[in-house]
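In: Here is my input, please return the structure:
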Amino acid sequence: MTTLNTVFFLFLIICSFTDVSRRKAYNIVVFPAMFCGLTLNFLLSGVPGLAHSAAGITAGFAISFFFFLSGGIGA
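Out: Below you'll find the predicted structure:
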């Protein structure tokens, strides 16, 4: 298993546990996960990896923001 996958699954387990038990996704876990993803993709793939990570974060934010505006999810 690669470093990127290991870090991803670690954050996935933490976020899944807090989501199921407390029905919340804590920013104290989500933001470091995004930062780790950006950093690791940059270190492993250079600028193209960083660009792909940034595009993924932007797409996820855009989709979530649409549902937030329509009242489907809360902050």
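In: After the helix or strand in which Phe9 is found, which helix or strand is next?
Out: Assignment of secondary structure by DSSP states H and E places Phe9 within helix 3-22. The helix or strand immediately downstream of helix 3-22 is helix 27-69, counting by DSSP H and E.
In: ok and that next one relative to helix 3-22, angle-wise?
Out: With axes from the mean of the first three to the mean of the last three CA atoms, to 10 degrees defining the directions, helix 27-69 sits at 70 degrees from helix 3-22.
In: Output the contacting helices and strands for helix 27-69.
Out: Here helix 27-69 touches helix 3-22, going by 3 or more CB pairs under 8 Å, 6 or more residues apart in numbering; DSSP states H and E. Where you see a C-beta, it was placed from the backbone N, CA and C, and this is true even at glycine.
In: residues in contact with the most centrally placed residue in the chain?
Out: For the chain, Met34 is the residue whose C-alpha lies nearest the centre (CA atoms, centre = their mean; 4.6 Å). Neighbouring residues of Met34 by CB atoms under 8 Å, 6 or more residues apart in numbering: Ile57.
In: Can you tell me what sits against the helix holding Phe9?
Out: Outside helix 3-22, the residues within contact range by CB under 8 Å, 6+ apart are 1, 24-26, 29-30, 32-33, 36-37, 40-41, 44.
In: For my notes, please list these in a markdown table and give neighbour count, distance to Gly71 and pLDDT for each entry.
Out: Formatted as a markdown table, these follow (neighbours: other CB atoms under 10 Å; distance: CB to CB, whole Å; pLDDT from 0 to 100):
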| residue | neighbour count | distance to Gly71 | pLDDT |
| --- | --- | --- | --- |
| Met1 | 7 | 40 | 60 |
| Lys24 | 10 | 18 | 85 |
| Ala25 | 11 | 18 | 84 |
| Tyr26 | 12 | 22 | 88 |
| Val29 | 14 | 25 | 90 |
| Val30 | 14 | 21 | 90 |
| Pro32 | 11 | 29 | 92 |
| Ala33 | 16 | 26 | 90 |
| Cys36 | 15 | 31 | 90 |
| Gly37 | 21 | 29 | 87 |
| Leu40 | 19 | 35 | 89 |
| Asn41 | 20 | 33 | 90 |
| Leu44 | 11 | 39 | 89 |
